[in-house]
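K.L.:
I would like the atomic coordinates for the input below:
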Amino acid sequence: MSPTLEPGVLKLATSDLDARPLFWNEGTSRYGYEPEAAEAVAAAMGLRLEWVYTDWAGRMKSVLDGESDGVWCGVTNIEERREFLGFSDPYGFFNEACLVRQGVSASTPDELVGSRIGAIEKSTNLELVLAWPGVIPVTFSSHSDDVFTDMIEATASGVIDGFVDDEPAMIPLAERDSRLVYAFSVESRHPWACGVRPENTGLIEALNAGLARALSNGDLEVAWQRHLPFLDFPFGKALP
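P.N.:
This next block holds a predicted model:
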């Protein structure tokens, strides 16, 4: 029996947000580290990859509703999610970062006391903001068509003073958007993985085997170095 909904096809839930260099769309094509890593793993599994698009809030629900085999889109393997999802081995480990608007100065959370700092609802980023004493958390809806852009524009316009999201998207964003300033990172090293229905142990085993092959043949590292060269590859010695 096939561990995927459709034999020969791996259907992965994602969002079409522009969070480059992690992921973004141009027309019908998908680019970035996450899509390229998923392609490498699917190829190693001998499967054709098919993306199932949802809003940010619907990524994990798509798996539980049987619309996709797994979710491959910025999902951290944390205890709360293991209550309803099973996880593959990680395809990356990522820190979190805070950006602020031009004119706001901060290099630590202590310097943000009294500031309004945004994060996506029910995210590890929001949990981080909630742990900072004196900071005013501002929650952004994951049902938005583009919650990442919502936080960018709210910061740039002064509705909030800054926001927290994942480091690989935030560092390049500050470099290309002069309205925003990189404040600091937090060494959270969250493991990002493919979430599947917990009873589908056959798919978890197949994903782990595919990840191992994509690591051993160098495909995963090639994708990382292409899109995330400013971060250390977390799975051993870099390619020569």
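K.L.:
contacts and neighbour counts: CA atoms only from here.
P.N.:
OK.
K.L.:
ok, W24 - contacts?
P.N.:
16-18, 30-32 (CA atoms under 8 Å, 6 or more residues apart in numbering).
K.L.:
how about the residues you listed in a markdown table, adding distance to A223?
P.N.:
Output for those, formatted as a markdown table (distance: CA to CA, whole Å):
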| residue | distance to A223 |
| --- | --- |
| D16 | 19 |
| L17 | 19 |
| D18 | 18 |
| R30 | 13 |
| Y31 | 10 |
| G32 | 8 |
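K.L.:
Restricted to buried residues, select those in ChimeraX.
P.N.:
A single ChimeraX command is used to select the members of the contacts of W24 judged buried by 16 or more other CA atoms under 10 Å:
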select :16,17,18,31,32
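K.L.:
part of a helix, is N25?
P.N.:
No. Assigned with DSSP: H, G, I helix; E, B strand; the rest coil, N25 falls outside any helix and is strand.
K.L.:
R179 versus the spatially most central residue of the chain, what's the distance?
P.N.:
By CA atoms, centre = their mean, the mean C-alpha position of the chain lies nearest to G74, the distance being 2.1 Å. Going from G74 to R179 by CA to CA, to the nearest Å gives 25 Å.
K.L.:
which one is C73 nearest to, not counting chain neighbours?
P.N.:
Leaving aside its sequence neighbours, C73 sits nearest to T14 (CA to CA, 6 or more residues apart in numbering; 5.1 Å).
K.L.:
hey, where'd the helices end up in this structure?
P.N.:
For the chain, the helices defined by DSSP state H cover 33-45, 59-64, 124-130, 147-157, 167-176, 201-216, 219-227.
K.L.:
thinking V164 is in contact with R116, fair?
P.N.:
No. Counting by CA atoms under 8 Å, V164 sits too far from R116 to count as a contact (11.0 Å).
K.L.:
one step back: and the residue nearest to the centre of the chain, how close does it get to A169?
P.N.:
In this structure, G74 and A169 are 11 Å apart, going by CA to CA.
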